[in-house]
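**Q** please find the sequence and the predicted model below.
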Amino acid sequence: MKGRLEYVDALRGVAILLVVYVHLVSQGLYYNKGGWEKELYSLATGCMPFRMALFFFISGLFAYTLYDTATLRKRVANRLTRQLWPTLAICALFNALFYWKGWENLIFNRHNAGYWFTQSLVQTFIFYAVTAWGMERMRLSRVGQTVVICGIIGVLVWLRRHLFGDGHIGAFYMATYLVKTIQWAPFFLAGVVMKMWFKEVIAFIEREWWVIGGIAAYYICGLVWKEMAIPELMAASGVAGIYILFHQTRGFWGSSGLLLRGLRSLGKQTLPIYLYHYMIIQPICTHRLLGGLKWVYGKPWVELPLIMGIAIGIAAICVVTDRCIKRGAPWLHGILFNPMALKFRRKEEATLSKA
């Protein structure tokens, strides 16, 4: 996996568009006083089991490396400055502008107006990095590291199903987003294992091409017949299926067409899109601006291009907004995204330009 994988950038672009799409559908289009009508036949319903798992998987795919003490410190510092601080800063700004319901709701809310994702991702990365550092010091082989990571995945799945099920969740776990971390960290770790055995896994996929058919068949059956839909298996099959599909068609996603270049560009800007898109969607949802489009109910072939078009527009606005703030008000961008994050980014850009 040397060099930049353009099909993974495209996959990330698709994933962030699905996030915006689902929020438009769930909060603005098919929302009623009782909540989202989740039984609707919609692309949003179809991608719900795997869309967030996909982000964790891709992050794990690129997290695997040799973790000596210096690398551990550097990469943890990068995550704290480049992901956690911007999330906290923009989450506070969003709550102040749109979602303020008191400090108690801001702190003791496991969704935190949607900004739980990057906070849980940072927690997951730090846990893995420290674990990887320990395994390096113990000089575990690749097989030994795989056994340890798979054991951790098993423990996390057990905790999710037995300790943090549908019952009462303590305030501590809600405030720290550990519930979400425990739920999605297994997919991050699965991405790490995938990277460890990348050549072997890809060789198997390319040789046994029928695998994707079996994965797709189970996923579709799980959507149609709910009794077959085991949440963990649905998420895993969705992530595996879409990743294999993109890898097998990687030549197409890496081509130079305008739309594909735009998709890859969105994939490289997932953080600002994720952080800013709530500020655009919230007014849309508050004023029910999508209410007039409810005629697309039960017409996914109409809903997909229409609402996805709006989602693409919102994602593009987020990217343009980020660039405008960075150029027009660098002091504000520094406050939101941390001067240390900008420093690390400049160093990386300088290194890439020399290479």
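**A** Done, it's in.

**Q** go through stretch 236-248 and flag the buried ones.
**A** Ala236, Ser237, Gly238, Val239, Ala240, Gly241, Ile242, Tyr243, Ile244, Leu245, Phe246, His247 (16 or more other C-beta atoms under 10 Å). Quick note: C-beta positions are derived from backbone N, CA and C, even for glycine.

**Q** ok, now stretch 135-147?
**A** Using 16+ other C-beta under 10 Å as the test for burial, stretch 135-147 gives Met135, Glu136, Gln145.

**Q** same question for stretch 296-313.
**A** Val296, Pro300, Glu303, Ile307, Met308, Ile310, Ala311, Ile312.

**Q** secondary structure element for the fourth one?
**A** Right, Ile307. Element membership of Ile307, judged by DSSP states H and E, is helix 300-328.

**Q** count of neighbours near Leu97?
**A** Neighbourhood size, Leu97 [other C-beta atoms under 10 Å]: 12.

**Q** now the stretch 51-200 of the chain, which segments are flagged as low pLDDT?
**A** In the predicted model, the stretch 51-200 of the chain carries pLDDT under 70 at residues 99-113, 163-175.

**Q** try 80 this time
**A** Counting by pLDDT under 80, the stretch 51-200 of the chain contains low-confidence ranges at 95-114, 161-177.

**Q** helix or strand: which one has Leu223?
**A** Leu223 belongs to helix 211-224 when assigned by DSSP H and E.

**Q** and if you look at Ala236?
**A** Element membership for Ala236 (DSSP H and E) is helix 231-248.

**Q** equivalent analysis for Arg139, please.
**A** Take DSSP H and E as the rule and Arg139 turns out to sit in neither a helix nor a strand.

**Q** can you check Phe117 too?
**A** helix 116-137.

**Q** helices or strands next to that helix in the packing?
**A** If you count contacts as 3 or more C-beta pairs under 8 Å, 6 or more residues apart in numbering; DSSP states H and E, helix 116-137 packs onto helix 51-61, helix 69-79, helix 85-94, helix 142-158, helix 178-196, helix 270-286.

**Q** which one of those helices lies closest to Thr118?
**A** Ranking these by proximity to Thr118 (C-beta to C-beta) places helix 85-94 first, at 4.3 Å.

**Q** name the residues of the closest one that are buried.
**A** The neighbour-count check on helix 85-94 (16+ other C-beta under 10 Å) flags Trp85, Pro86, Thr87, Leu88, Ile90, Cys91, Phe94 as buried.

**Q** just stretch 265-278 next, same as before
**A** For stretch 265-278, burial by neighbour count (16+ other C-beta under 10 Å) applies to Leu266, Gly267, Gln269, Thr270, Leu271, Pro272, Ile273, Tyr274, Leu275, Tyr276, His277, Tyr278.

**Q** could you work out the most separated pair of the residues you listed?
**A** The distance between the two most remote of the buried residues of stretch 265-278 (C-beta to C-beta) is 19.4 Å, for Gly267 and Tyr278.

**Q** and the gap between the residue nearest the centre of the chain and Thr124?
**A** Using C-alpha atoms, centre = their mean, the residue of the chain that lies closest to the mean C-alpha position is Phe55, 2.9 Å off. According to C-beta to C-beta, to the nearest Å, Phe55 and Thr124 sit 11 Å apart.

**Q** again with Arg142
**A** In terms of C-beta to C-beta, Arg142 sits 21 Å off from Thr124.
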